[in-house]
Structures are given as structure tokens and as C-alpha cells.
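Student: Give me the fold of what follows.
(2 chains)
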Amino acid sequence: MVHARPGEHLARLETKADYVAFRSQAQARWKDLWEGDRTVVSVGVGSSSIAKGALQVLDTCHAELGGAAVVREVSGNGAFWMEPWIEIRRPGEPPVVYGPLQASDVASVFNGDRDDLAIGVRNSEPLGTIPSLNDHPFFKDQMQIISRNAGVIEPDSIEDAIARGAYDGYFKVLFEMSAEEAIAEVTAANVRGRGGGGFPAGIKWESGRKARVTPKFIVCNSHEGEPNVYKDRHLHECDPHRILEGILIACVVCGAERGYNYIGGEYPLAIRRFRKAVADAERIGLIGNDILGTGHNVAFRVRTGGGAYICGEASAMMFSVMGVRGQPRTKPPRSVEEGLWKRPTVANNTETLANIPDIIVNGGEWYAGLGTEGSKGTKLMTVQGPLARHGVVEVEMGMTLRKLFDDIYGGMAEGRTFKGVQTGGVSAGPLKDEHLDIPVDFDSLGDVGGMLGSGGWVIFDETVNVVDFARYLTAFNRYESCSKCVPCRLGNPALVEILDRIRFGRGSMDDLTLIQRTSKHIIELSLCGLGQVAPVPLIGMIEQFPEDFEHAVKYGTMTAPEAALAAD
Amino acid sequence: MAHAESAHVVLPVPAPFTGRQDVDPEVVRELLSHFTFDDYEEAQELILSALQEVNEHFGWVSPGAAQIVAEHLNTTINRVFGLLTFYADFRTDPRGHHHMLVCHGMACYVMGSQALVQELQDTFHIDDGETTADEQVSIQVVNGCLGVCDRAPVVKLDDDYFGPVTPRELTSLLHRAVEGHRMMQEKGVSNGPRPTG
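Tutor: As a prediction, the model looks like this:
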């Protein structure tokens, strides 16, 4: 059994039959891996586990177990609290996950001496005293659809991905389905943009397809600059082929000749794994000219950003792809009419495109059965702050925040009390305890000043002063403003100045009115989404915690030595 | 075993820490040699990636390197500097001997990263993007996220992550790094690439 690093051995597949043969080969290889007589050791390697020593664990596994077992480098599975972890599948037994461990533990875990480190069995049935991983509270209430390959496949192996169903949707679109039918499925699924906007993808695709100027482009927006969201990075690290497949389906359906993926430059591992996926797909001929003999031509380019939050905005992102400063422009024309290089361009978020393969395979009806009335499907969520557990999870739309925080993330950490949760990254206000029973979807949080956004939640406790926190959020927007519109460029620094005045204990109640007035100007007079929501977190903070702001106006928020320093 | 040897080739080994060094134009040209393009549009699309590669290799983009990038991709130095000053990842000043990233994402903020930034200002008199006068330490405050939120607040010193870190620990961490470097210099050990891993 050869488990060489995949790549060079891949040959171009010319026809449909070639691909079907390749797929059954990959499936046989996968079956042999899990049902054969070799021990399989998988190490979860993602950017979060690398920081905790996963590479050393992987090296140790290669050095010490290389002869006795098949060692695989899989991705993290979203559960940061158990990293670094390894999964050992002994012949005749289901795979058992152990963690958190260090390189020195590898040998004893492998020999079966450290069952105290066992977290669970990746199987529905428990193994002896080790419970099933699915029964762990962190996994029990998740619904893993787009992240179901996380920690299971080797992200660098196209064969693993294909054995687990990758490119089935692409195959269907190439051979069994017309473009109209595919768009009808996406429209029926009513999948809405996952980047925060919530615009239905089906409508976007329809207008992309109808655009008559050629060439057309598809751009996948994988730039998440928000200071608390890393769902797209997680997706790139664990299942790059799913994202690539979504983009390729969009290319074929909309008749685009080139697909782009724009990835934030601060994610080296995600970029490396995605580039590898593209190279492999090119090798076997899923990208290129005359794909599998169908006559479809699709080219692909990976582009990286340079760390600017504004590049999450679609028109700014396209400017950044074109190698200029990422500053949004006025609309119309919309990007489906005039986007990249003034050609029709369909831009979708990574998570949206990652949902497409399953919609094509299982049908829009199936997808529309998940989630709530207005928001279908699942959502990747990241919750941070003083919690018992951390990680990336995928849950069905409509779960209440309380269930998410208390059950999946295990509630507040020892000795911490919940004060509030900041929603929607830096684009919405905070929520308090009384709002936690609202089911989470695109629409329901708006009434109380919150927002689903891209699914990032930051919980804060009594140690955080909300006035300082509001200043932090405003300062973030000040820093990230692209400086195109005057209200945003000058208004945000003005807000920070006013807040500093209050924090230094020199504020007055008039300052709170001044904040409202300045904010109104920024919101109404800015061009893009960043400016229009920049003051919203601050206003939300004032609304939810007025007594804290009144206290700050009277006494400031700084301790005596800090205030003395600031007075210099 | 071929397999074990290949493990490092495919893993993201961080660029060896090189400290302050002059930018060799030949190395820049070598780095850029794989950026090939068919037309003007594609050349423009490659500018950011090329700058990123230079920035990663040297820790900064020197005026000379920027000029080479501009010439290689048929654009102007003005355009390249426009990009260097717009995007947060690029540095136009050399790094110190030690480079520290302080995560200042929201998760680290609510766990106390503001105190770390304050500590750096008070004790080492450096702010975001600055280098200490003795060129020992440069810091970069990361507004995005290092993605290790369960260890918040997190700092990354050279290639190693530390967290959760208190201001006092941060100070001793930096003093240790600086002291270690000074001892190496006194012994006559040059500031060559450090072994990684």
C-alpha cells in the first residue's frame, strides 16, 4: 500500500470514463486505508495546533512510527481545546482521538498506555470505556455539512477528497445537468451570502449568467479581515477541494472563463494548501481546456491580499486583485455588469461557495429543509472570549445563542461572569444576557441591534470596561478606513478623540450627544459598508450599557496612575 | 525513509529568522523569477503577491527591492509604494533582531492585550511597527487575528507562540531574548539564520 505524498503520480484524465475509473480507484484506496490491516495515525495540523506544537508531534510520529503505521497529516477539526491531537486507528477497531498531547507522549499513546488522554471514538458506538466523539457536547449539537471532512481527509490529497465525495457536484454539472437546472437548484436552496450581506446566491448567478459581455469571471472572496473570524481560513485548511469545486461549478454554470480565489495574505497554511489543491486539480484535468472532453474551458488563479480589512468589500477586493489600493467605488454599475477588468464578475463568499457542491448533489429542496424560514442551511461560527472551550463549529441556522455558548462551548470559564457579547465583528452592537434566547439567523438579531454577520461572536466579562472596548472597536475602524470618503476618514478619528476625552475623565454629557451626531454623519455620508457601519458598535454599546458611559463621563475609566500619565 | 524526509518540504516552515540584513538585489531577482505573465493585466495582478514574497523573505521591502519589483512587473515605483503604504502586512523599515507580533484581535482584547501594548510602550518605548533604538526588538500589533484564541492574549516572538501572557511575562520574555542575543554576540556568534523547529 503506497501512501506517498500525492501529486506527481497524477495524470491528466481525458474523458468521463477516465474520471469514473479514477474515482473508484480513490474510493478503493480510502476503503483499504480504513478497513485494511495497517495501523493509521492521523495528526491534526492547522494554524491553531501548529502554535501548540502539532508539527513536532507530526515529526515524532514520522520518526518513531513511520515503519509501524501509516502517518497522515490531516487538518484541525475545529476543536482548539483538544489540540494537538492524534487519531489512532488500530486494525479491527474504530479510530480513537487522543489529545491534548505533546511530542513526548506519542510513543506511550501509540502503545496504548495513555487511555487517560483519549477523548472519543470517531464512530457512533463507544469503544469500551471510551465514549463516541459524537456524544461529546462540543460535537453533539453541531451539524457538520461543509466541515464534515475536517480532520478526516488529508487536505493535500485530492484522492482523499474525491473518495469523500469531492467533485461529485462538478461532475453532475458537467455531464448530467444544464446550467439552468443548476441555477434553479441554487435558487431553490435559497442559500444566502455568508460574508455578512445575506444576498441570495441564486439571483447573483442568474444575472451573472445573463451578462452578455465576455470574458466573465468568478471571484471567491476569502479575505476575512475581521479581528475575530477565521472560519474561511479553517475551511481552506481542512477542505480546500470543496471551495475549489464550488468556484468551478460557478464558472461552468455562469459561463465564466476564469475563477479567482482571493485569500488574505496572513494565512500561509491556507494559501499553501489551497494552491496545492489547485495544482492537483490542474494535473488531473479538472481545470484547463476541454475538461474531461466536455469542451468546457476554465482557468484558475489564486491571488493573495495584504492585510486590509476593507478588501472584504466586493469592489475593493476586485481592485486589490487588480493590484491597486483596495478602495470601494460607487455603484452602479454593479460588479456583475462591470467587475474585474471591467468584465462581468460574480463575487461570492467562501462559505457560500462551499455550500454549492452539496446543493447540486442533494438538490435545493434538501438544503431548503435545513435552517429557518428566511435563512437556510448551516453556518460556521467562531466564539471567543473567556469560555471553557474554543474553536470553530458548524451549526444549523436558528440555534439560540444560549445553546451555542453554554452547550457547545461549555459556558463561561471558571470564575468569569458573562457581561455581554459583541456581534457581527466590528459592524454591529453588543447583546446582553436577555437577548441570548433569540434564534440566530440573518434577520432576527437586527431588532435588538445585533447581527449575524460572518458568524463571529466575542464574549466579554466584567473585567472589560465597555467604554474602553467601544474605543477599541472605533479605533479599529479608524485604522482600517481606506480614507476615500471624508466622513469616514475624519469622523472615526473624531469619535476616538471624544471617547478618549471621556476616558480621561474630562468628558461631559454633551459628548454623548456629539457622538450620536458625528455617527449619524459617518453612517449617512459614507460610500461603502465599512463606513456605514463603523459607528454602529459604539452606538450599540451606549444603548446597551448607558450607565457605564454615564459613569465614565463623571469619573473617566482610567486608574489614577494612567490618568496622571495621560495628563502629561 | 523518503516519506519522513518529505514531511518538512510540504509543511509551512517559517522563513528562518534573519534579523536586520541588507537586501541583495540578486536574491530579489531570484525570488521574482517565477512570476511570469502573459499580458499587462496578469502582471498587475502579480504585484501584491510579489511584494508579499519579498516581505516574507527579508522581513521588509526595501526601496531597492521595490524598484526591482516595479521593473520586473512593468509598473512604476510610485504604484508599488502606494501599495506598500496601503496594506498593513508590508513593512518599509527593517526588522529588529527579534520580531514580535502582538495579537490585538478582539478575542485577545477582551482577555487583556491592551495591557501588553501599553507595556511595550512603557517599558520598551515602541509602538506598532517600530523598532527599539538598539535594533533589538521590533513589534507589530496585529489588528486581525493570529487564530490561537484559546491562548489569548497571544504573542509570537520570532517563530514561537506564547500565551496567555501577562505584561510582566512579556517584559521578561523580551529581556531574555535580548539578553540571549547579546551573549551570543559577545561570544562572537554571528546573527545568522537560526535553526528552526
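Student: what about A:Lys31, distance to chain B?
Tutor: Note on A:Lys31: its distance to chain B, by CB to the nearest CB, to the nearest Å, is 22 Å. Every C-beta, even on glycine, is put in place using the N, C-alpha and C of the backbone.
Student: Next: A:Pro493.
Tutor: Applying CB to the nearest CB, the value for A:Pro493 to chain B is 16 Å.
Student: in a helix, that's where A:Ala43 is, yeah?
Tutor: That one is not Ala; residue A:43 is Val. No - A:Val43 sits outside any helix when classified using DSSP: H, G, I helix; E, B strand; the rest coil, being strand.
Student: Report the beta-bridge partner residues of it.
Tutor: Residues in a beta bridge with A:Val43, per DSSP bridges, are A:Glu73, A:Ile86.
Student: ok, it touching A:Val57?
Tutor: Yes - the pair A:Val43 / A:Val57 is scored as a contact, 5.6 Å apart, by CB atoms under 8 Å.
Student: okay, these two: which has more neighbours?
Tutor: Counted by other CB atoms under 10 Å in any protein chain shown, A:Val43 and A:Val57 do not tie: A:Val57 has more neighbours, with 27 against 24.
Student: Output the contacting helices and strands for whichever strand or helix holds the more buried one.
Tutor: Using DSSP states H and E, A:Val57 sits in helix A:54-65. Helix A:54-65 sits against strand A:39-44, strand A:69-74, helix A:106-110, helix B:2-10, with contacts defined as 3 or more CB pairs under 8 Å, 6 or more residues apart in numbering or on different chains; DSSP states H and E.
Student: so how far is it off the chain centroid?
Tutor: For helix A:54-65, the separation from the chain centroid amounts to 28 Å (computed by CA atoms, centre = their mean, to the nearest Å).
Student: and B:Cys145, how far is that from A:Arg478?
Tutor: Between B:Cys145 and A:Arg478 the computed distance is 18 Å (CB to CB, to the nearest Å).
Student: In terms of packing, which of the two has more residues around it?
Tutor: Comparing B:Cys145 with A:Arg478 by other CB under 10 Å, the one with more neighbours is B:Cys145, at 27 against 20.
Student: What separation do you get for the closest residue to the more buried one other than its chain neighbours and A:Lys419?
Tutor: The shortest distance from B:Cys145 to any residue other than its chain neighbours is 3.7 Å, reached at B:Gly105 (CB to CB, 6 or more residues apart in numbering or on different chains). To A:Lys419, B:Gly105 is 19 Å away according to CB to CB.
Student: And for residue 39, the neighbour number?
Tutor: Defaulting to chain A. 16.
Student: that's the wrong chain, I meant chain B
Tutor: Around B:Asp39 there are 8 other residues, counting by other CB under 10 Å.
Student: check contacts around it.
Tutor: By CB atoms under 8 Å, 6 or more residues apart in numbering or on different chains, the contact set of B:Asp39 is empty.
Student: Give me the phi and psi angles of residue 120.
Tutor: In the absence of a named chain, chain A is used. phi -180, psi 170 (degrees, to the nearest 10).
Student: my bad, chain B
Tutor: phi -60, psi -40.
Student: Next, B:Asp122: secondary structure please.
Tutor: helix.
Student: rewinding a little: so for the residue nearest to B:Cys145, what's the pLDDT?
Tutor: pLDDT, B:Gly105: 89.
Student: That one and B:Leu146 touch, don't they?
Tutor: Yes - shown here, B:Gly105 and B:Leu146 form a contact pair, counting by CB under 8 Å, at 7.2 Å.
Student: quick one: low-confidence parts of the chain?
Tutor: Let's take chain A. Chain A contains residues with pLDDT under 70 at A:1-7, A:559-568.
Student: right idea, wrong chain: chain B
Tutor: Applying pLDDT under 70 to chain B picks out residues B:1-22, B:181-182, B:184-197.
Student: From B:Phe162, how far out is the residue nearest in space to the middle of it?
Tutor: The centroid of chain B falls nearest to B:Gly59 when counting by CA atoms, centre = their mean (4.6 Å). In this structure, B:Gly59 and B:Phe162 are 20 Å apart, going by CB to CB.
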